[in-house]
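Visitor: What would the 3D arrangement of this be:
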Amino acid sequence: MGHADTLLAMGGAFVAAAFFARLGGRIGLPTIPLFMLAGILLGPHTPGFVLVEDAHDFEMLSALGLVLLLFYLGLEFHLDDLKSGGKRLLTAGGVYLLLNVGAGLGFGFVLGWGVREALVLAGVLGISSSAIVTKILIDLGRIGRPETRLILGVIVVEDIFLALYLAALQPVVAGAHGLADTALQAGKAFGFLLVLAAAARYGTRLVGRLIDTRDNELLVISFLGAAVLVAGVSEVLGVADAIGAFMVGLILAGTPSGPRIRELVHPLRDAFAAIFFFAFGLAIDPGDLASVAGPVAAAAALTVVMNVVAGLCVARVYHYGSQPAAEIATTLVARGEFALILAAMAAGAGLDARLAPFIAGYVLVLAVLGPVVAGRAHVLAGALRAAGRMLPGGRAPDAVADGGTGEEAEADGRPEAASVPVTAQAARSCASSSASSDRAEAER
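Guide: Here you go, the predicted model:
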């Protein structure tokens, strides 16, 4: 691709992404699937005008978009949020990960595409989209609600898990030769992560002095250089480049310049993240989506079910009522950027060719379905209250213990633990979580 062709392709990609995002915004759709749709329609696999003949032409821009996405996520990550949540937050995040990652791993083995592919699918089905979930909370006006802190806390736990999971998965999907080679590569990856974690914990004062400047131009050059350089070193050492960028964001978030960096990187993140999603769409052949339509539908249904069960379990641990429980259960359904990160890793490792169209279709479905389901949380809340009335005595067990029905608790503004009925199977799965929470509270 020549110089002029590159500029035309880049400009066209930005304009197309903006057009589709503006169009989708009018009907309440998130931007991620629309950016992907723009890439699919303007790529080499669909009839009509082709903006980019080869998706590899956008490979470096796509990588930069991914680095900036995870760098910004690191800036938004606060260890204090995890500490303040205590053991109950870890229990909540653990319930979500256990149910969703476990379901994804089992689903991968059922498909029979291979062990490495199943490990990728475990992460794809197991991790929510921070970007879409946050946007849903803002759009629905739920940011100030008590249960929203729990939802964001679960995302934090998922982000930590993702960083460790990618570090462990990289040598496996890359096809390390033998157990010794796998252990060596994983050791290098985790060693590098420990160095960066130590810098985030103990080196923020020194890093803050090194990067401190009143000149915004110098600050942008400094943090971009640090993020891209460490991402490159990460890739060399067998850690996904995006995770290196995430750790740099985590380090800089604790410096006095952190708030300014968040403001300055925001437009860069949005622009190049759009290119990342657009470039992923370029590589998708819509004809391949039909071949994985069945698995995509099954995976989407499985994700919705497991998120509802996990949400009800977590609400039970926190003694939330039916409406907060329904909002927790439906808000974390969306999948997005993290699934695409794993898809890009799988494509680079030469895994089963069906993974890319499957993940693309899965993300498209859930990125659209997620906001719709979250906006209908009141339907699930009504079903929970109706199910509670059908229990013996017309009230849920916790309501009897609290001395009132679920409706009374909601009217009083108290957390209506009583009206969070679950099926017998879900109740049994929640029991261990509730017990561990009670022990944690007793210890405190």
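
Visitor: The nearest residue to Ala118 once chain neighbours are set aside is in what secondary structure piece?
Guide: Closest residue to Ala118 in three dimensions, ignoring its sequence neighbours and counting by Cβ to Cβ, 6 or more residues apart in numbering: Gly108, at 2.9 Å. No exception for glycine: its C-beta is placed from N, CA and C like everyone else's. According to DSSP states H and E, Gly108 maps onto helix 79-111.

Visitor: From Leu369, how far out is the residue nearest to Ala118?
Guide: Separation of Gly108 from Leu369 (Cβ to Cβ, to the nearest Å) stands at 21 Å.

Visitor: try Pro295
Guide: The gap separating Pro295 from Leu369 is 16 Å, by Cβ to Cβ.

Visitor: number of nearby residues for the residue nearest to Ala118?
Guide: By the criterion of other Cβ atoms under 10 Å, Gly108 has 24 neighbours.

Visitor: Does it touch Val120 like I think?
Guide: Yes: judged on Cβ atoms under 8 Å, Gly108 makes contact with Val120 at a distance of 7.4 Å.

Visitor: Now do the same contact list for Ala242.
Guide: Shown in contact with Ala242 (Cβ atoms under 8 Å, 6 or more residues apart in numbering): Leu66, Val67, Leu69, Leu70, Leu166, Ala231, Ile341.

Visitor: pLDDT weak spots in the stretch 151-300 of the chain?
Guide: For the stretch 151-300 of the chain, applying pLDDT under 70 flags the ranges 174-179, 181-182, 185-186, 238, 240.

Visitor: please redo it, this time with the cut-off set to 50
Guide: Residue ranges of the stretch 151-300 of the chain with pLDDT under 50: none are present.

Visitor: mind listing the strands for it?
Guide: Under the criterion DSSP state E, counting those that start in this stretch, the stretch 151-300 of the chain carries no strands.

Visitor: Contacts for stretch 368-386, please.
Guide: 28-30, 33, 129, 132-133, 135-136, 139-140, 300, 304, 308, 312, 322-323, 325-327, 329-331, 333-335, 406-407, 419-421.

Visitor: So which of the residues you listed are in helices?
Guide: Mapping these onto helices (DSSP state H) picks out 33, 132-133, 135-136, 139, 300, 304, 308, 312, 322-323, 325-327, 329-331, 406-407.

Visitor: what residues are up against the spatially closest residue to Ala103 that is not a sequence neighbour?
Guide: Leaving aside its chain neighbours, Ala103 sits nearest to Met306 (4.8 Å; criterion: Cβ to Cβ, 6+ apart). Met306 sits next to Leu99, Asn100, Ala103 when contact means Cβ under 8 Å, 6+ apart.
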